[in-house]
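Enquirer: using only what follows, build the 3D model:
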Amino acid sequence: MDTSPGTPHRLDPAGGCPHAANARLLSRAAVAPVVLPGEVEGMAVLGHDALRDFLGHPEVAKDARHFTALREGRIAEGWPLRTFATVRGMTTADGADHRRLRSLVSRAFTARRVEELRPRIEELTESLLEDLGRAAQAGGGLADLRRHFAMPLPMGVISELLGVDAGYRERLHQLSHQVVATDIAPSKAVAANRELVAVLAEIAAARGRRPGDDVTSALISARDDAGDRLSQEELIGTLVLMIIAGHETTLNLITNAVRALCGHRDQLGLVLKGEASWSDVVEETLRWDAPVSYFPFRYPVRDLTVDGTVIPAGTPVLAGYSAAGRDPAVHGPDADRFDVTRPARPDAVRHLSLGHGAHYCLGAPLARLEACIALERLFTRFPGLDLAVPESELPRHSSFVGNSVRALPVRPAP
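Expert: Residues are numbered from 1 along each chain as shown. I've put the predicted structure just below:
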């Protein structure tokens, strides 16, 4: 048994493309020690099977009271990953608390409710395609697909679900981007978190005065009707999580799928000829270029051996979704090849990029529907769409949490 996993991998706060480093780490072991910003020691679970087992392990917690360094006061207030650990909501709760918080919003994300959103998603998509076309005309044939299409679609959908007025959306996106950044200065991290909480509290107060048929109004009702169901801190924490997860993940998914298809025109051709589906594109993108690279945090409640490596109790552990998606031990020697016709695995688990177990992404059906509609309508409207700069020149996310690029200049040719 390997109880000394080797020299820790220092995660680059500036982010960058994770795949080369993932391959090196996976060639050694499925679990790797890492150094987080601020010289905080952690671990990352990278192998597909190891990650699946870890995510579903009964002695792995999400509540930050199990985070030893935080409990002992060794984590500064401006630590860029602190919000992932301390925000009050379903992603930092265990057991009965997790079930209580998840149940308060789960009805908005059932398969039936998500399907009812299809006409609105299609309508919003068509409107944004018009915006993209106009932006390209104004830009000499070039437009930033991320800014004009991939971001406002999921932000618009989640905002309408939450009852967030359009005037707040751009600011919420900017603040969300700062909250998930890992290279942000401590003072800016504190300021961004405080402003995000303040803006969402303002939105919640407005919904309290004028309730509607939206998730925020339902959460306020749960808080007011029975205070033991939801506290004010949990209300705001839930909104923080839903705004960030509800648009950042899908934004990266759409962006990464467009990049993949533009870089693999043969695969796009298969879809346009009907030999593969847009759902195939979405699932292969989730596997091949996961929208989240390293997701914080989980904590073993006792020393835990994962694939031969001991993870000490209280260690902050990252879920290495981008690494697991290209694990050759599971996906074969061509794991790093984008292939929309890739055969289904015998266990039907193509990837873990939306989680696994009790904390499986609540918004997964919505993210999949948004991405499928967005990609189908985009390439139907602009079948000749291509990148305006080489892939290697695209500016990467300033985060090792999110996995994508900051801008996606394209030529949306018919």
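Enquirer: elements contacting the lowest-mean-pLDDT helix or strand in the chain?
Expert: Lowest on mean pLDDT, DSSP states H and E among the helices and strands of the chain sits helix 215-225, with a mean of 84. Applying 3 or more C-beta pairs under 8 Å, 6 or more residues apart in numbering; DSSP states H and E, we find helix 215-225 packed against helix 95-106, helix 152-162, helix 186-209, helix 232-263. (Each C-beta comes from the backbone N, C-alpha and C, glycine too.)
Enquirer: show me what the shortest one is packed up against.
Expert: The criterion is 3+ C-beta pairs under 8 Å, 6+ apart, and the helices and strands that helix 152-162 contacts are helix 118-138, helix 169-180, helix 215-225, helix 232-263, helix 364-381.
Enquirer: now stretch 191-208: buried residues?
Expert: Using 16 or more other C-beta atoms under 10 Å as the test for burial, stretch 191-208 gives A192, N193, L196, V197, V199, L200, I203, A204, R207.
Enquirer: with pLDDT and distance to P154 added, can I get these in CSV?
Expert: Putting the buried residues of stretch 191-208 into CSV (pLDDT from 0 to 100; distance: C-beta to C-beta, whole Å) gives the following:
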residue, pLDDT, distance to P154
A192, 94, 20
N193, 94, 22
L196, 95, 17
V197, 94, 21
V199, 96, 18
L200, 95, 17
I203, 95, 18
A204, 94, 21
R207, 92, 20
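Enquirer: and which of those residues is nearest to T110?
Expert: Nearest to T110 out of the buried residues of stretch 191-208 is R207 (C-beta to C-beta; 21.7 Å).
Enquirer: surely that closest one is in contact with I220?
Expert: Yes - here R207 lies in contact with I220, judged by C-beta atoms under 8 Å, at a distance of 6.0 Å.
Enquirer: residues in contact with A413?
Expert: Residues near A413 by C-beta atoms under 8 Å, 6 or more residues apart in numbering: G141, F382, G384, L385, D386.
Enquirer: how close does I244 sit to L142?
Expert: Look at I244 and L142: by C-beta to C-beta, to the nearest Å, they are 29 Å apart.
Enquirer: so those two - more neighbours on which side?
Expert: The residue with more neighbours, out of I244 and L142, is I244; 24 against 15, by other C-beta atoms under 10 Å.
Enquirer: ok, that one to D49 distance?
Expert: I244 sits 29 Å away from D49, taking C-beta to C-beta as the criterion.
Enquirer: equivalent analysis for S277, please.
Expert: From S277 across to D49, the span is 27 Å (C-beta to C-beta).
Enquirer: please apply the same query to V240.
Expert: V240 sits 32 Å away from D49, going by C-beta to C-beta.
Enquirer: number of residues surrounding E130?
Expert: E130 has 11 nearby residues by other C-beta under 10 Å.
Enquirer: rewinding a little: using JSON lines, lay out the helices and strands packed on helix 215-225 together with distance to V31.
Expert: As requested, the helices and strands packed on helix 215-225 are exported to JSON lines (distance: least, C-beta to C-beta, whole Å):
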{"stretch": "helix 95-106", "distance to V31": "24"}
{"stretch": "helix 152-162", "distance to V31": "32"}
{"stretch": "helix 186-209", "distance to V31": "28"}
{"stretch": "helix 232-263", "distance to V31": "24"}
